[in-house]
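1. This is a predicted model, with the sequence first.
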Amino acid sequence: MHDTANTRRWPDTAARVVSEALAPAVIVTAVIAAVAWDSTDTAGQAVVWSAVCVLFSAVIPMGFVVAGVRTGRWTDHHVPDRAHRRWPLVVGAASVAAGTALVLTFGGPIDLVTLGAVMGALLAVVWVVTDRWSWKVSVHALTAAVGATTATALGGWPGALAAWPLVILVGWSRVRLRAHTAAQVGVGVLMGVAATTAFVLLR
């Protein structure tokens with residue numbers, strides 16, 4: 001009996017670890033850094049523009065969510081209740097838009113401007129689907145797909161082989177934890193691929 005319970009617990013623990021290690025903020029940070037490195041002339045420029053974009057695309061949105069958890073507005077930083085996702089998505093989209101405008105105003109890499117515009121639009125679409133259609137798209141799966149598609153575009157087959165298994169792992173973790181259905185994960189992946197493909201075509 002005890003061994004059976006432990007056997008059942010291990011997959012749940014692994015799923016939680018995957019969900020945290022490959023959380024949206026982590027993936028977004030990696031994508032921004034990769035695009036900044038690919039689109040700037042020096043390491044210093046890449047660091048500066050990465051820092052600006054990460055601040056507005058990951059740190060500020062995540063800070064808003066964490067503040068909401070501390071005040072009891074939502075239960076945890078993944079905001080599992082669909083009804084509570086409106087403001088995190090709205091703030092996230094607004095913050096990305098502000099960061100993108102800042103990069104454009106101060107002559108930052110146009111690829112980061114394009115990425116910010118596409119990501120802001122994607123968050124707006126997720127908000128509409130979540131708020132208007134009452135359907136909880138997996139943001140974990142979406143950002144994992146964004147990361148894998150970016151890795152494929154920038155790194156070719158080696159990037160694809162390294163990144164796409166992680167998308168499968170993230171999708172499994174979200175379904176295993178009952179945070180999403182397989183359909184919600186699948187739609188998140190499709191949205192992430194579509195948005196990143198648009199970025200690649202526009203850059």
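-> Thanks, I have it. Numbers count the residues shown, from 1 in each chain.

2. what does the average pLDDT come to for the lengthiest helix in the chain?
-> Looking across the chain with DSSP state H, the single longest helix is helix 139-176. Average pLDDT, helix 139-176: 97.

3. Buried residues, it. List them.
-> 139-153, 159, 163-164, 166-167, 169-176 (16 or more other CB atoms under 10 Å). Bear in mind the C-beta positions are built from the backbone N, C-alpha and C, glycine included.

4. And stretch 92-106, by the same measure?
-> The neighbour-count check on stretch 92-106 (16+ other CB under 10 Å) flags 92, 93, 94, 95, 96, 97, 98, 99, 100, 102, 103, 104 as buried.

5. any idea which of the residues you listed is closest to residue 133?
-> Set against residue 133, the nearest of the buried residues of stretch 92-106 by CB to CB is residue 93 (17.0 Å).

6. residue contacts, that closest one?
-> 120, 123, 124, 127 (CB atoms under 8 Å, 6 or more residues apart in numbering).

7. Can you tell me the closest non-neighbouring residue to it?
-> Excluding the flanking residues, the one nearest residue 93 by CB to CB, 6 or more residues apart in numbering is residue 123, at 4.0 Å.

8. confidence score at the one you found?
-> 93.

9. List phi and psi for it.
-> Residue 123 has phi and psi values of phi -60, psi -40 when expressed as degrees, to the nearest 10.

10. correct me, but it touches residue 89?
-> Yes. In this structure residue 123 lies within contact range of residue 89 using CB atoms under 8 Å: 5.7 Å.

11. Please identify which of those two sits among more neighbours.
-> residue 123 (25 against 22; other CB atoms under 10 Å).

12. For this structure, name the helix or strand with the lowest mean pLDDT.
-> Counting by mean pLDDT, DSSP states H and E, the chain has its least confident helix or strand at helix 2-21, which shows a mean of 80.

13. Now do the SS call for residue 136.
-> Look at residue 136: counting by DSSP: H, G, I helix; E, B strand; the rest coil, its state is coil.

14. Give me the neighbour count for residue 113.
-> Using other CB under 10 Å, residue 113 has 21 other residues around it.

15. Which strand or helix spans it?
-> helix 110-132 (DSSP states H and E).

16. by contact count, what packs against that helix?
-> helix 24-39, helix 43-54, helix 86-105, helix 139-176, helix 182-202 (3 or more CB pairs under 8 Å, 6 or more residues apart in numbering; DSSP states H and E).

17. what's the pLDDT at the residue lying closest to residue 92 once chain neighbours are set aside?
-> Distances taken as CB to CB, 6+ apart put residue 61 closest to residue 92, at 4.0 Å, once the chain neighbours are dropped. The model reports residue 61 with a pLDDT of 96.

18. Equivalent analysis for residue 36, please.
-> So residue 36 comes in at 97 (pLDDT).
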